[in-house]
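**Student:** sequence and computational prediction follow.
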Amino acid sequence: MTALHTWPSGPDGLRELYPREPHPTLRVNFIASADGAVTVDGVSAGLQGPGDKEIFDLLRASCDALIVAAGTVRAEKYDALRPDPAWRLAHGLPEFPLMVIISGSLDLDPEQLIFADAPVRPIVFTHRGAPASPVREVAEVIEVGDDRVDLAAAVRHLHERGATQLLCEGGPGLLGSMIAADLVDELCLTVAPLLVGGSAGRIAQGVPAPPRPMTLRHVLTRDDMLFLRYARASTR
Ligand SMILES: NC(=O)c1ccc[n+]([C@@H]2O[C@H](COP(=O)([O-])OP(=O)(O)OC[C@H]3O[C@@H](n4cnc5c(N)ncnc54)[C@H](OP(=O)(O)O)[C@@H]3O)[C@@H](O)[C@H]2O)c1
């Protein structure tokens, strides 16, 4: 049932609104401007605010694996995944979630902090036609698919390793592919109170796919931002 909530007074209240699910879940987290732009000057930083940052950190801290595509790793200069381990350890989870990168080209910098400072060896899903790359020295490279990354196979692989609470931070190319493969169970979308105009893209792009019905789980507001939580309308 849809609920309009005021912003919770503490982190536990916020966590209750974004729980770990009792079943395997792929949750996507994005921010867009009120006119649908996914970036300002090529990155998402210009859209963000304090409430968004709290949800971003909370979702990272409670997932088993964070999935991000190579385009976003490069554009946003991703560093190592190190959410505060206190809550994780108190809830019986490994100290750090898995960091998972989707890349066909393996054109990734092994010296980028996402690899060089990683507390746990990151996983890179690629395909069997991927080239040699120095990233193979700093990550566990797993080939799924012949000439493109088979995202459903990647998700299955993570489930088999015990990572069932998956968080995807995009970018739009990856979200478009995830939608096409019908892998998205939940979308957490922050709407920032900005009109950006210009040529920025939207949160998903890619091949045409059938529209996927979603239900609205909750709406939160803070500082003129909207925080929407949508979940898959029907179970498969
Ligand atoms: N507002 C937000 O919340 C938010 C969130 C994330 C990103 N962004 C922004 O989005 C932009 C990057 O997005 P993007 O769409 O260009 O790139 P992207 O979705 O982050 O990455 C696309 C790349 O993922 C790899 N890939 C491999 N297999 C794939 C598959 N099956 N489906 C999709 N991708 C696959 C490919 O990497 P290779 O090239 O290595 O083969 C492809 O070029 C940046 O400007 C970033 O700042 C905004």
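**Tutor:** In hand now; what should we look at? Small disclaimer: the values here were computed from a predicted structure and weren't measured.

**Student:** ranges for the helices of the chain?
**Tutor:** 11-17, 50-62, 70-75, 85-90, 113-116, 151-160, 172-180 (DSSP state H).

**Student:** which of those is buried the deepest?
**Tutor:** Across the helices of the chain, averaging neighbours per residue (mean count of other Cβ atoms under 10 Å) puts helix 172-180 on top, at a mean of 21. Quick note: C-beta positions are derived from backbone N, CA and C, even for glycine.

**Student:** as a quick check, tell me the outermost residue of this structure.
**Tutor:** Relative to the C-alpha centroid of the chain, counting by Cα atoms, centre = their mean, residue 132 is the outermost residue, at 26.5 Å.

**Student:** show me what contacts that one?
**Tutor:** In this structure, residue 132 makes contact with residue 106, judged by Cβ atoms under 8 Å, 6 or more residues apart in numbering.

**Student:** just the one 4 residues further on next, same as before
**Tutor:** For residue 136, the set of contacting residues under the criterion of Cβ under 8 Å, 6+ apart consists of residue 106.

**Student:** mind checking pLDDT for the nearest residue to residue 206 once chain neighbours are set aside?
**Tutor:** In this structure, residue 206 finds its nearest non-sequential neighbour in residue 176, 2.6 Å apart by Cβ to Cβ, 6 or more residues apart in numbering. With respect to pLDDT, residue 176 has a value of 98.

**Student:** residue 186 too?
**Tutor:** Reading off the per-residue confidence, residue 186 sits at a pLDDT of 98.

**Student:** so what's residue 99 bridging to?
**Tutor:** For residue 99, the beta-bridge partners under DSSP bridges are residue 66.

**Student:** test my guess that it contacts residue 82.
**Tutor:** No - between residue 99 and residue 82 there is no contact under Cβ atoms under 8 Å: 9.7 Å.

**Student:** more crowded one of the two?
**Tutor:** Neighbours were tallied for residue 99 and for residue 82 using other Cβ atoms under 10 Å; the higher tally belongs to residue 99 (24 against 16).

**Student:** and the more buried one, how far from residue 228?
**Tutor:** For residue 99, the distance to residue 228 equals 26 Å [Cβ to Cβ, to the nearest Å].

**Student:** go ahead and confirm residue 216 touches residue 230.
**Tutor:** Yes - between residue 216 and residue 230 there is a contact at 5.8 Å, judged by Cβ under 8 Å.

**Student:** strand partners of the lowest-mean-pLDDT helix or strand in the chain, parallel vs antiparallel please.
**Tutor:** Within the chain, judged by mean pLDDT, DSSP states H and E, the helix or strand with the poorest mean is strand 3-5; its value is a mean of 83. Taking DSSP bridges as the criterion, strand 3-5 pairs within the sheet with strand 214-222 (parallel).
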